[in-house]
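**Q** Everything below, folded, please.
(one chain, ligands or ions: 1)
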Amino acid sequence: MGWSKERLEQVAQTRLGGAKLIVVANRQPYIHRYQKNGEIEWMRPAGGLTTALDPVMQACGGTWVAHGSGDADRQMVDEFGRVRVPPDDPNYTLRRVWLTKEQEKGYYYGFANSTLWPLCHQVYCRPSFDPAHWETYREVNELFAAAVLEEARGGPALVFVQDYHFALLPQLLKQQRPDLVVAHFWHIPWPHPETFQVCPWAKEILNGMLGNDLMSFHIQHHCNNFLETVDRTMECRIDRERFAVQRNGQTTKVRPYPISVDPDLATEYLGDEWLARSIRFRKQHRLGQKPILVGIDRVDYTKGIPERLHAVDRLLDLYPEWKGQFHFVQVGAPSRTELDTYRELSNNVQNLAESINLKNGDDHWKPIVLLNEHHRPEDLFMLYRMSAGCVVSSLHDGMNLVAKEFVTAREDDQGVLVLSEFTGAARELTDAIIVNPFNVDQMAESFHTALTMPADEQRRRMRKMRAQVNDHNIYRWAGMLLSEVGRLADEAEPVESEDMDLPSRMPIQVSTANGSAPHQIGLLSGMRS
Ligand code: F6P
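**A** Purely as a prediction, here's the structure:
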């Protein structure tokens, strides 16, 4: 049986058995903000995490704890910072955590995105190691821990932590509530130990992450790197048979779970009138009937946007017959614009596109159409559907969900995916044209191949990729993770410790909501089917 929302609902009911599901992610799935006329609107932020997890929360219910970053967010919540979402059809709770500008600067722009982000991606961008950022990161992790503990009050709960913003959170939670089951998904790569070990706070970060019962990454390679990093940095026992770390009576399993998308969203976002909208889009941007290659990204230096623009230029050098015959549409959603590196990248991309257009274009034709703004998912799916090919040229990427979204949008079994070998997605979508984004000539050749691939071959490749994404969809990802958490409950026995300075795990005692005598529970009370 395939994985669907309904099947995940059933698995969640059995596996959670009444325990509360609490997701913690920096980014919220819905943002409220003021429009120019003073009215409040809601929007979905750019980025794969929220798009992937929102359907899971809709299936499982529970609470999503996140930074309330929208300027109208406070207007929409109750006294506890809670609001029901999705705004147009509420079925789970969003708990907003408020941060000062200083906290956002030190924790999000600082330690998360100027230290951990470049540290984990091998793109030759030097991480900054600022003690003040580190202090704020710790402070904000404590703030989120307090919010999660409030949400988890009064009963068993599974806390599902997302990403590199919360490396310290798992241990903070376990110290206060050892009965909580804590699982963590790291959405970005985990680097080689020698890379990670340069971080002055490597031990503290790993200590925080080893508060998890389950630590998960997209691919086995990142799990291997993580285990190796722990082995070289911490005093602990590595169990390579079970792929787990034992330390201070706590066992942390390390597992790969390649994240995915909800294939049904494509049908929903395309609707009946995607074709009419695409005709308007072509007219608006003067694209005529020419084939389009599309790139859709946050403007981020890990995504290889300049590299693909250089490849467009190279294509026109190698095959001048393409002049006037196609367009490269690059959607760049502004991202982390407070940071110099991101602002500079945005300017560079703009300048590069202009110079390539100047060199190769004329009054009637420009090869590159740059759209530097946030687009609604409906428009992104229209672009996927109307294009001859989609280019994902990340220099390093945990998974990359644009590649999978493109595939789900192609119910016509047409379209070619050009995909960087340095993405997690390249492990699964082997029928894409796999490229090294640092190799401009190879990328240029791949664009030519994409634009000339016979329909039969496109069909053969696309069918295989669609089967892969349909089977390995977001519901399977969440279902498999929940099942693993269930297995953890089965195995929840005290860990033997010879070389540890803390005692082995004690039977877990939990206070009841009304303050009556504590009762003993397993990892998730009543979680067995
Ligand atoms: O890919 C890593 C990631 O943090 C995702 O989890 C998220 O969807 C994306 O980057 C967007 O980042 P931000 O929330 O900083 O805009």
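**Q** and stretch 293-308, what's its mean pLDDT?
**A** For stretch 293-308, mean pLDDT is 98.
**Q** First residue to last residue on it, what's the distance there?
**A** 11 Å (C-alpha to C-alpha, to the nearest Å).
**Q** start at 36 instead
**A** Renumbered: residue one is now 36, and that last one reads stretch 328-343.
**Q** Any idea how many residues pack against residue 40?
**A** Using other C-beta atoms under 10 Å, residue 40 has 17 neighbouring residues. Yep, even glycine has a C-beta here, placed from its N, CA and C like the rest.
**Q** do the one 5 residues further on as well
**A** The tally of other residues near residue 45 (other C-beta under 10 Å) stands at 13.
**Q** Give me the distance between it and residue 356.
**A** Counting by C-beta to C-beta, to the nearest Å, the gap between residue 45 and residue 356 amounts to 56 Å.
**Q** sec struct for residue 330, please.
**A** In three-state terms, and counting by DSSP: H, G, I helix; E, B strand; the rest coil, residue 330 is strand.
**Q** Kindly report the same for residue 125.
**A** coil.
**Q** Check the contact between it and residue 96; I expect there is one.
**A** No. Between residue 125 and residue 96 there is no contact under C-beta atoms under 8 Å: 10.8 Å.
**Q** more crowded one of those two?
**A** residue 96 (15 against 12).
**Q** Quick one, grab the pLDDT at the residue in the chain that the ligand sits nearest to.
**A** Nearest residue of the chain to the ligand (C-beta to the nearest ligand atom) works out as residue 82 at 2.7 Å. On the pLDDT scale, residue 82 is placed at 78.
**Q** For it, the count of nearby residues, please.
**A** Other residues close to residue 82 by other C-beta under 10 Å number 16.
**Q** Surely it is in contact with residue 331?
**A** No. Using C-beta under 8 Å as the test, residue 82 is too far from residue 331 to be in contact (11.7 Å).
**Q** about what we covered before: what residues are up against the residue of the chain closest to the ligand?
**A** 62, 333, 370 (C-beta atoms under 8 Å, 6 or more residues apart in numbering).
**Q** Any chance of the backbone angles for it?
**A** Dihedral pair for residue 82: phi 120, psi 140, per degrees, to the nearest 10.
**Q** gap between it and residue 403?
**A** From residue 82 over to residue 403 (counting by C-beta to C-beta), the distance is 24 Å.
**Q** Number of residues surrounding residue 310?
**A** 12.
**Q** tell me which element it is part of?
**A** Using DSSP states H and E, residue 310 maps to helix 309-319.
**Q** Now do that helix: which elements does it pack against?
**A** helix 412-421 (3 or more C-beta pairs under 8 Å, 6 or more residues apart in numbering; DSSP states H and E).
**Q** downstream neighbour of the helix it packs on in the secondary structure list?
**A** Where DSSP H and E defines the elements, the next helix or strand beyond helix 412-421 is strand 424-427.
**Q** So is that following strand next to the ligand?
**A** No. Shown here: strand 424-427 not in contact with the ligand (C-beta under 6 Å from any ligand atom), separated by at least 13.0 Å.
**Q** For that strand, name the packing helices and strands.
**A** Counting contacts by 3+ C-beta pairs under 8 Å, 6+ apart, strand 424-427 packs against strand 327-333, helix 436-444, strand 451-455, helix 475-487.
**Q** In CSV, list the C-alpha atoms belonging to it.
**A** Output of strand 424-427 as CSV, limited to C-alpha atoms (Å, rounded to 0.1, in the frame of the first residue of the first chain):
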residue,chain,number,x,y,z
GLY,A,424,13.5,21.7,-18.2
CYS,A,425,14.3,22.6,-14.6
VAL,A,426,17.9,23.3,-13.5
VAL,A,427,19.0,22.5,-9.9
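**Q** what's that strand in contact with?
**A** The contact list for strand 424-427 (C-beta under 8 Å, 6+ apart) reads 328-331, 343, 363, 419, 435, 437-438, 441, 450-455, 458, 460, 482, 485-486.
**Q** So how do I select the buried members of these in ChimeraX?
**A** A single ChimeraX command selects the buried members of those (16 or more other C-beta atoms under 10 Å):
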select :328,329,330,331,343,363,419,435,437,438,441,450,451,452,453,454,455,458,460,482,485,486
